[in-house]
Every structure is written in C-alpha cells, then in structure tokens.
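In: structure for this input, please:
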Amino acid sequence: MSGTQRPLVVIPDPILRQASKPVERIDDDVRKLADDMLATMYEAPGIGLAAIQIAEPLRLITIDLAKDDDEPAPHIFINPTIVAHGDEPNVYEEGCLSIPDYFAQVQRPATVTVEYLDLAGEKQTIEADGLMATCLQHEIDHLEGVLFIDHISRLKREMVIKKFKKLAKERGGTRLL
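Out: The predicted model follows:
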C-alpha cells in the first residue's frame, strides 16, 4: 500500500453535507488520492470510504469487502452513479467511519446497477447485491452530502448529532487521525 493515511472527517463537520464535484481528469493526483483513501480505510478499519470523508470533495469512493484473512480486493469507483435499483428491500446494520462507534439498521434496495470510471478512465458497470449493493449506496450517498443516519428516525438522528457535537466541542474539532 503506497498511500498515506489521512485524518477522517467526523460529524458534525459541515463538509460531510457538501455535494462532491465530478473528477474531471484521472491523473496522478487522483491515483494518489485513491491510494490515500485505501490506506485510510484499511487503517480505520473500514470497508468503504468516500473522498469527502478525508476532506476531498470529489466523486471518488473506495470499497474492499475482503474478510480479514483474505487478500485485499480494493475497488475504486470514480464518478459513480446508480443507474438502476431493484424493488426488493434489504436491511443491513450500517456504520460509518465519519460517525465512529454508531450503528443502525438501514433499509435500502437489495440490488443496484452502478456506472463509474476505473483508474484507467474506462467506463464500467457493476450489478451488485448484498453487502456490495449496500456499501455502494452508502458511499454514493456521501457524494451527495447524505449520511446513513438520514435513513433512520429523526429522533435517533438528532440524538446521534447531539452526541457528536458535544464530543467535537470537548475534542476541539471534527478531524480524527
């Protein structure tokens, strides 16, 4: 892994509510950002990361669903867009590196079709189900400034935000390393 671990942005940092801009050119800076995102995601540890979570408002996400004892299997999605989703719902307990140690049941479509660019700039399509479908939807939400807590009840969401505002105040900021 050649990337550098970067500080994670946590709620209530307002950058997490920003919509990310499309990647215009896939160059060495974008490849370095992807490497840094993977290094940060693995170190956290997590299974998905959006660039906005390390304060880079670009439409870039990384995902690796490999189990601990398996070889890493990183996926990099540039400018991903959900072009179709199934009608069947699926519920997973989701967590987020930007909302540490909080988990909630979230219902999303069980299947999605996502178009994206790979690191070579080639257009790709993935039809995903199960955890990959959930992870793609979760990370693509980040690109729109949407967090998984936006999919739970208002009362639970407000409690989580209140807790993290208090923590940020005590800590003196919303960036973690």
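In: buried residues, the top helix by length along the chain. List them.
Out: Criterion DSSP state H: the longest helix present in the chain is helix 154-171. Of all the residues in helix 154-171, those buried under the rule 16 or more other C-beta atoms under 10 Å are 157, 160, 164, 168. Every residue, glycine included, has its C-beta placed from N, CA and C.
In: export these as a markdown table, with columns for distance to Gly86 and pLDDT.
Out: Compiled in a markdown table, the buried residues of helix 154-171 are given as follows (distance: C-beta to C-beta, whole Å; pLDDT from 0 to 100):
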| residue | distance to Gly86 | pLDDT |
| --- | --- | --- |
| Arg157 | 26 | 93 |
| Val160 | 28 | 93 |
| Phe164 | 33 | 91 |
| Ala168 | 37 | 85 |
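In: quick check: the farthest pair among the residues you listed?
Out: Using C-beta to C-beta, the buried residues of helix 154-171 reach their maximum pairwise distance at Arg157 and Ala168, which is 16.3 Å.
In: any chance you could map the strands in this protein?
Out: 8-9, 48-50, 60-63, 75-85, 89-96, 99-109, 111-117, 123-129, 175-176 (DSSP state E).
In: of those, flag the one that's most buried.
Out: For the strands of the chain, the largest average neighbour count (mean count of other C-beta atoms under 10 Å) is found in strand 48-50, namely a mean of 29.
In: so what's Gln137 closest to, chain neighbours aside?
Out: In this structure, Gln137 finds its nearest non-sequential neighbour in Arg108, 4.9 Å apart by C-beta to C-beta, 6 or more residues apart in numbering.
In: same check on Thr81?
Out: Nearest one to Thr81, counting by C-beta to C-beta, 6+ apart, is Glu115 at 5.3 Å.
In: just Ser2 next, same as before
Out: Asp35 (5.3 Å).
In: for Ile11, see how far away the residue nearest to Gln137 is.
Out: Separation of Arg108 from Ile11 (C-beta to C-beta, to the nearest Å) stands at 20 Å.
In: re earlier: list the contacts of the longest helix of the chain.
Out: Under the contact criterion C-beta atoms under 8 Å, 6 or more residues apart in numbering, helix 154-171 has outside partners 10-13, 99, 102, 104, 149-150, 174.
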